[in-house]
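> what follows is a protein structure lacking sequence information:
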Ligand SMILES: *Cc1c(COP(=O)(O)O)cnc(C)c1O
């Protein structure tokens, strides 16, 4: 089974971490995001333990909040010893509102506004991941005005194509993220940053992409980063103490997808780094990783109610659900595949061929195409697995559909972590 804590009960209902999915749907309504906190903690520990075991002292994971950002996630990752990668004032504020330690925030974003930069410095954000020279100038001005020295990582692009989707492949030379090594601009970026008042450069950041299944691309990334760092040392006498390798480990979404042994991959990356550093005579840097998807994706299940079941004769059957691209736009964006079950008849054979469509006025509003479910009737609960990452975070009010509630399960107890949006919420900003 793809999702480790799913089972079924005597009523033939799907259970999530021991709780009946149909009862959760009845209690909290649909659509509903269900998040298994215990599973998230397990994933956090895998990263923390492997990084402590294999990588130099001080190495630790930063949870990439863009995958799933709401207040309730921060106490979980904070108590497991992770830092957090944040990308906007909104994400900074969410982490801080949840009591997260600002010193463990790494502030990303390719185009932070002046106001966001000032806010980040003011809040004592531990490290800025500076994307470009313009940002560096504003950050320097702000740090000096506030009388602090701001630690930064400089984001460089290593020119790698890890063969994932173009939309989630960020490490190529031609990219809006970071400063390219290949063109010589990254070296000039470092030289300038080292001279910039109010700024302390602690190392380099690079992120090569997402949904990556093995360590090969990360090893290539380490090679390129190390060769860059070595030439910077030789030319400028600067030694980077931190390499942030970004996020990107994959998770399986459908039967047949590989799963990733994160600890084994971290070990491979670590050995590669050690060999490389020894060869180059470069002191071992501490390593930061920024997992997003691989921390939260398989902890999430979305529950919908089936509405119309439409059989277009000679073509196909549609099962329509009460959500769709507004709570999960990933099929519409990237044709991402998901595993879908009829949670009301989870032990019945999945023998009804259908396409699961959302409720929006958009023919691309689908959750899964040409799959098979135990034939649903109106009111059955439809579960979509592995929706913990990039679902809630990417939700919208398209068609003025209200955002779902989010429930967290811990130690067999469910609690409401984000309440369902209301019509009043929707209208609250409008005159
Ligand atoms: C998206 C992103 C991540 C997280 O990627 P996942 O694939 O979710 O692990 C980490 N760091 C940066 C800079 C990113 O853009």
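Arrived safely, thanks for sending. Just so we're clear, the structure is a prediction, and the values are computed from it rather than from any experiment.
> quick one, what contacts the closest residue to residue 265 other than its chain neighbours?
If the residues on either side of it in the chain are set aside, residue 265 comes closest to residue 215, at 4.4 Å by C-beta to C-beta, 6 or more residues apart in numbering. Yep, even glycine has a C-beta here, placed from its N, CA and C like the rest. With contact set as C-beta atoms under 8 Å, 6 or more residues apart in numbering, residue 215 has these partners: 265, 268-269, 272.
> how about a cut-off of 7 Å?
265, 268-269 (C-beta atoms under 7 Å, 6 or more residues apart in numbering).
> now those residues as TSV including neighbour count and pLDDT?
Shown next, in TSV, are the contacts of residue 215 (neighbours: other C-beta atoms under 10 Å; pLDDT from 0 to 100):
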residue	neighbour count	pLDDT
265	19	98
268	17	98
269	23	98
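> wondering if the helix ranked longest in the chain reaches the ligand at all.
Longest helix in the chain, counting residues (DSSP state H): helix 216-236. No. Using C-beta under 6 Å from any ligand atom, helix 216-236 never reaches the ligand; the gap is at least 11.7 Å.
> list the buried ones in that helix?
217-226, 228-230, 232-233 (16 or more other C-beta atoms under 10 Å).
> which outside residues touch that helix?
Residues contacting helix 216-236 (C-beta under 7 Å, 6+ apart): 156, 158-160, 162, 181, 186-187, 190-191, 194, 204, 206, 208, 238-240, 243, 245, 268-269, 272-273, 276-277, 280, 282.
> show me which residues of the stretch 251-400 of the chain sit near the ligand.
Residues of the stretch 251-400 of the chain found near the ligand (C-beta under 6 Å from any ligand atom) are 290-294, 389.
> go through these and flag which are in helices.
Those of those lying in helices (DSSP H): 293-294.
> picking that back up, can you pull the pLDDT of the residue nearest to residue 265?
Note on residue 215: pLDDT of 94.
> from residue 225, how far off is it?
To residue 225, residue 215 is 14 Å away according to C-beta to C-beta, to the nearest Å.
> just residue 16 next, same as before
According to C-beta to C-beta, residue 16 and residue 225 sit 40 Å apart.
> next: residue 43.
Taking C-beta to C-beta, one finds residue 43 at 25 Å from residue 225.
> what is the subsequent helix or strand relative to the longest helix of the chain?
Counting by DSSP states H and E, the next helix or strand C-terminal to helix 216-236 is strand 242-244.
> packing partners of that following strand?
In terms of contacts (3 or more C-beta pairs under 7 Å, 6 or more residues apart in numbering; DSSP states H and E), strand 242-244 is packed against strand 199-205, strand 286-289.
> and those: which comes nearest residue 299?
Smallest distance to residue 299 across those (C-beta to C-beta): 18.2 Å, for strand 286-289.
> residues of the biggest strand by length in the chain that come out buried?
In the chain, assigned by DSSP state E, the strand with the most residues is strand 300-311. The neighbour-count check on strand 300-311 (16+ other C-beta under 10 Å) flags 300-307, 309 as buried.
> residues in contact with the closest residue to residue 383 other than its chain neighbours?
Excluding the flanking residues, the one nearest residue 383 by C-beta to C-beta, 6+ apart is residue 343, at 4.1 Å. By C-beta under 7 Å, 6+ apart, the residues touching residue 343 are 13-14, 21-22, 303, 381-383.
> okay, those in a markdown table with secondary structure and pLDDT next?
What follows is the contacts of residue 343, written out as a markdown table (DSSP: H, G, I helix; E, B strand; the rest coil; pLDDT from 0 to 100):
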| residue | secondary structure | pLDDT |
| --- | --- | --- |
| 13 | coil | 98 |
| 14 | strand | 98 |
| 21 | helix | 98 |
| 22 | helix | 98 |
| 303 | strand | 98 |
| 381 | strand | 98 |
| 382 | strand | 98 |
| 383 | strand | 98 |
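> would you mind measuring from residue 157 to residue 186?
From residue 157 across to residue 186, the span is 8 Å (C-beta to C-beta).
> identify the contacts common to the two.
Common neighbours of residue 157 and residue 186, using C-beta under 7 Å, 6+ apart, are 179-180.
> break the protein down into its structural domains.
6-36+297-427, 108-291 (automatic domain parsing).
> next one: the residue nearest to residue 383 from residue 34, what distance?
From residue 343 across to residue 34, the span is 10 Å (C-beta to C-beta).
> how about residue 226?
For residue 226, the distance to residue 34 (C-beta to C-beta) stands at 42 Å.
> likewise residue 323?
The spacing between residue 323 and residue 34, counted by C-beta to C-beta, is 13 Å.
> repeat for residue 51
29 Å.
> shared neighbours of residue 343 and residue 34, anything?
In contact with both residue 343 and residue 34: residue 303, using C-beta under 7 Å, 6+ apart.
> could I get the pLDDT score of the residue in the stretch 251-400 of the chain positioned nearest to the ligand?
The ligand sits closest to residue 292 of the stretch 251-400 of the chain, with a gap of 2.7 Å, by C-beta to the nearest ligand atom. pLDDT, residue 292: 98.
> likewise for residue 164?
We have a pLDDT of 54 for residue 164.
> coming back round to it: run through who's touching the longest strand of the chain.
Outside of strand 300-311, the residues within contact range by C-beta under 7 Å, 6+ apart are 16, 21, 24-25, 30-35, 317-323, 327-328, 343, 376-388, 391.
> and for stretch 109-125?
87-89, 92, 96, 102-103, 105, 107, 128, 131, 135, 138-139, 142-143, 146, 148, 150, 176-177.
> in strands only, show me these.
Residues of those located in strands (DSSP E): 105, 107, 128, 150.
> contact partners for residue 100?
Going by C-beta under 7 Å, 6+ apart, residue 100 touches 74, 78, 84.
> try residue 248
The contact partners of residue 248, taken as C-beta under 7 Å, 6+ apart, are 207-210, 212.
> contacting residues for the closest residue to residue 198 other than its chain neighbours?
In space, and not counting its chain neighbours, residue 198 is closest to residue 143: 3.3 Å by C-beta to C-beta, 6+ apart. Residues in contact with residue 143 (C-beta under 7 Å, 6+ apart) are 121, 149-150, 198-199.
> so which of these is the most crowded?
With neighbours set by other C-beta atoms under 10 Å, the maximum within those is found at residue 150, which has 24 neighbours.
> so how far is the ligand from that residue?
Distance of residue 150 to the ligand, given as C-beta to the nearest ligand atom, to the nearest Å: 19 Å.
> before we move on, what about residue 58?
To the ligand, residue 58 is 19 Å away according to C-beta to the nearest ligand atom.
> the residue nearest to that residue when sequence neighbours are not counted: neighbouring residues, count only.
Distance criterion C-beta to C-beta, 6+ apart; nearest residue to residue 58, sequence neighbours excluded, is residue 286 at 3.8 Å. When neighbours are counted by other C-beta under 10 Å, residue 286 registers 17.
> since that was my last question, I'll sign off now.
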